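**Student:** Output the structure for:
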Amino acid sequence: MAQTEGVTNSDSPRSAEASERPASKLPPHGLSERALPWVEKYRPERLDDVLAHDDIIRTIRHYVEKGQLPHLLFHGPPGTGKTSTILAVAKEFYGSAVRTHVLELNASDDRGINTVREQIKTFAETSSTSFHGQGRLMFGKPAAPTASAEKEEASSLAQSQEKRGGAGPSLKLIILDEADQMTNAAQNALRRIMEAYARNVRFCLICNFINKITPAIQSRCTGFRFTPVSSLSLKQKAAQIAEEETMKLSDDGLDALVKIARGDMRRLLNCMQASHLAHPGEVVNADIVHRTLGLPPPSEVTAMFERLLVADFFACCKELDELVNTKGYAMRDWVIAFHERILRVDWPVNVLITFVSRLADLEERLATGASEAVQMHAVVAAFFEARAGIQAAAAATPPIPSQ
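**Tutor:** All right, here's what the predicted structure looks like:
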């Protein structure tokens, strides 16, 4: 049921053994199942295993069952299941013949027009069973297939065609991950290929920012927006994986993982695995999760928040400086933690508006490489500005007359 997109870049070719390996068998290169990243170990193999996005999965399943796959455009935040969904579609649509019918490219690396003209056009022009180009085939290597492999693929195709009334698997599929990194020239060339080879090739473009895909490409695709995975779905999947991995996970640890993930299944699984490996045999609670990931724990955030509301300016600067430099916390993480904390305080609305605006400016400056020391003192200054606003609001409030 996991819905992940993988910890590795999608331009790495996936071997046939890895994609179709039962969970009980060893992966290629002699690695044990324990050595696999959880985002790959629990990647869904079928559409039924994909977590959340029920409406999208229902629609795509209809395409697969009818053998009428349109050009697809999956867009949305990272870790929401875009890549996992199309990989599951490919496996269900082609069966074991997926090796010769699917080409997967990471457009962030192969982003130029030459890639479109050479690799993509070559794959679109050639027959499905004759293309073995440059190690870019999904789930496969460029080596020529054995007679037994060809026989198995032919049998799989026949079964797929029989299920769909003879339609579908004759189409080839090209997956372009991170397509929003392609240049405009490459996208224009891709548009012409989509038109020229529409009879035998389907494209699936995957991106985070749909506004970076040209309108001409968007109009030729059926678009699906993948929203962040719900907290309930994340909790259910995390609890299931914790049980399978014999991971001792407390309720507050689970809540912390879900909160840190922010709807990103990949981030959730990576954080779970890191916490489990860093503290084997221990009960993973919220404190362990935050310490493992290098994030300020809630107890320290609350203590520092309260100090910033009562201590003098230089004392606050010194204490925050010690927390950041001694314990290695990133200043951006403190800004995010303070933002989450102020949403639970009873401050005047005008003070909250100003304070949130200050935090937003601070986060932007930190993201663009501004000095952490200067921004640290700016955080303290924002708190003192808020304190002044709270005091002014209290002074302006008329006293309640006694009865």
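
**Student:** Going by C-alpha atoms from here, please, whenever you check contacts or count neighbours.
**Tutor:** Will do.

**Student:** So in that sheet, which strands flank the helix or strand containing Phe74, and in what orientation?
**Tutor:** Counting by DSSP states H and E, the element that carries Phe74 is strand 72-75. Next to strand 72-75 in the sheet, as set by DSSP bridges, lie strand 201-207 (parallel), strand 222-225 (parallel).

**Student:** Can you give me the first-to-last residue distance of stretch 71-89?
**Tutor:** 13 Å (Cα to Cα, to the nearest Å).

**Student:** So what touches that stretch?
**Tutor:** 3-6, 43-47, 50-51, 57, 60, 64, 177, 202-210, 218, 220-229, 263-267 (Cα atoms under 8 Å, 6 or more residues apart in numbering).

**Student:** One more: stretch 190-198?
**Tutor:** Stretch 190-198 is contacted by residues Val116, Lys121, Ala124, Glu125, Val201, Arg202, Phe203, Ala216, Ile217 when judged by Cα under 8 Å, 6+ apart.

**Student:** Just to check, the fifth one is in contact with Lys172?
**Tutor:** The one in question is Val201. Yes - taking contacts as Cα atoms under 8 Å, Val201 lies within contact range of Lys172: 4.7 Å.

**Student:** shared neighbours of the two, which are they?
**Tutor:** Common contacts of Val201 and Lys172 (Cα under 8 Å, 6+ apart): Ala124.

**Student:** In the stretch 301-403 of the chain, what residue spans correspond to strands?
**Tutor:** Read by DSSP state E, counting those that start in this stretch, the stretch 301-403 of the chain holds no strands at all.

**Student:** Show me where it has its helices.
**Tutor:** 313-327, 331-342, 349-367, 372-396 (DSSP state H, counting those that start in this stretch).

**Student:** For these, give me TSV that also has mean neighbour count.
**Tutor:** Converted to TSV, the helices of the stretch 301-403 of the chain look like this (neighbours: other Cα atoms under 10 Å):
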stretch	mean neighbour count
helix 313-327	15
helix 331-342	17
helix 349-367	16
helix 372-396	16
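
**Student:** Filter the contacts of stretch 71-89 down to the buried ones.
**Tutor:** 3-6, 43-47, 50-51, 57, 60, 64, 177, 202-208, 210, 218, 220-221, 223-229, 263-267 (16 or more other Cα atoms under 10 Å).

**Student:** coming back round to it: for the strand holding Phe74, give the mean pLDDT please.
**Tutor:** The average pLDDT within strand 72-75 is 97.

**Student:** so how far is that strand from its chain's centroid?
**Tutor:** Strand 72-75 sits 14 Å away from the centroid of its parent chain (Cα atoms, centre = their mean, to the nearest Å).

**Student:** What is the subsequent helix or strand relative to the lowest-mean-pLDDT helix or strand in the chain?
**Tutor:** Lowest by mean pLDDT, DSSP states H and E among the helices and strands of the chain is helix 16-19, with a mean of 39. The helix or strand immediately downstream of helix 16-19 is helix 38-41, counting by DSSP H and E.

**Student:** next one: phi and psi at Arg43?
**Tutor:** Arg43 adopts backbone torsions of phi -70, psi 130, taken as degrees, to the nearest 10.

**Student:** just to revisit the earlier point, mind checking which of the contacts of stretch 71-89 are in strands?
**Tutor:** Among those, the ones falling in strands (DSSP state E) are Asp177, Arg202, Phe203, Cys204, Leu205, Ile206, Cys207, Thr222, Gly223, Phe224, Arg225.

**Student:** What is the burial count for Val289?
**Tutor:** 25 (other Cα atoms under 10 Å).

**Student:** host element of it?
**Tutor:** Going by DSSP H and E, Val289 is part of helix 286-293.

**Student:** and if you look at Thr115?
**Tutor:** helix 113-115.

**Student:** Buried ones in that helix, by neighbour count?
**Tutor:** Buried residues in helix 113-115, counted by 16+ other Cα under 10 Å: Ile113, Thr115.

**Student:** got the contact list for that helix?
**Tutor:** For helix 113-115, the surrounding residues in contact (Cα under 8 Å, 6+ apart) are Thr183, Ala185, Ala186, Gln187, Ala189.

**Student:** ok, now which ones touch the second one?
**Tutor:** Under the criterion of Cα under 8 Å, 6+ apart, the neighbours of Ala185 are Gly112, Ile113.

**Student:** any idea of the pLDDT on Thr115?
**Tutor:** Per-residue confidence (pLDDT) for Thr115: 73.

**Student:** how does this protein divide up, domain by domain?
**Tutor:** Domain ranges of the chain: 16-225, 231-293, 298-396, per automatic domain parsing.

**Student:** weakest of those domains by average pLDDT?
**Tutor:** When the domains of the chain are ranked by mean pLDDT, domain 16-225 comes last with a mean of 76.

**Student:** and the residue most central in space within the chain, which of the three is it?
**Tutor:** Compute the mean C-alpha point of the chain, and by Cα atoms, centre = their mean the closest residue is Gly79, 1.7 Å away. Taken by DSSP: H, G, I helix; E, B strand; the rest coil, the conformation at Gly79 corresponds to coil.

**Student:** nearest residue to it other than its sequence neighbours?
**Tutor:** Asp264 (4.4 Å; Cα to Cα, 6 or more residues apart in numbering).

**Student:** Okay, that neighbour and Glu245: tell me how far apart.
**Tutor:** 20 Å.

**Student:** For the closest residue to Thr354 other than its chain neighbours, give me its contacts.
**Tutor:** Distance criterion Cα to Cα, 6+ apart; nearest residue to Thr354, sequence neighbours excluded, is Ala386 at 7.8 Å. Counting by Cα under 8 Å, 6+ apart, Ala386 makes contact with Val351, Leu352, Thr354, Phe355.
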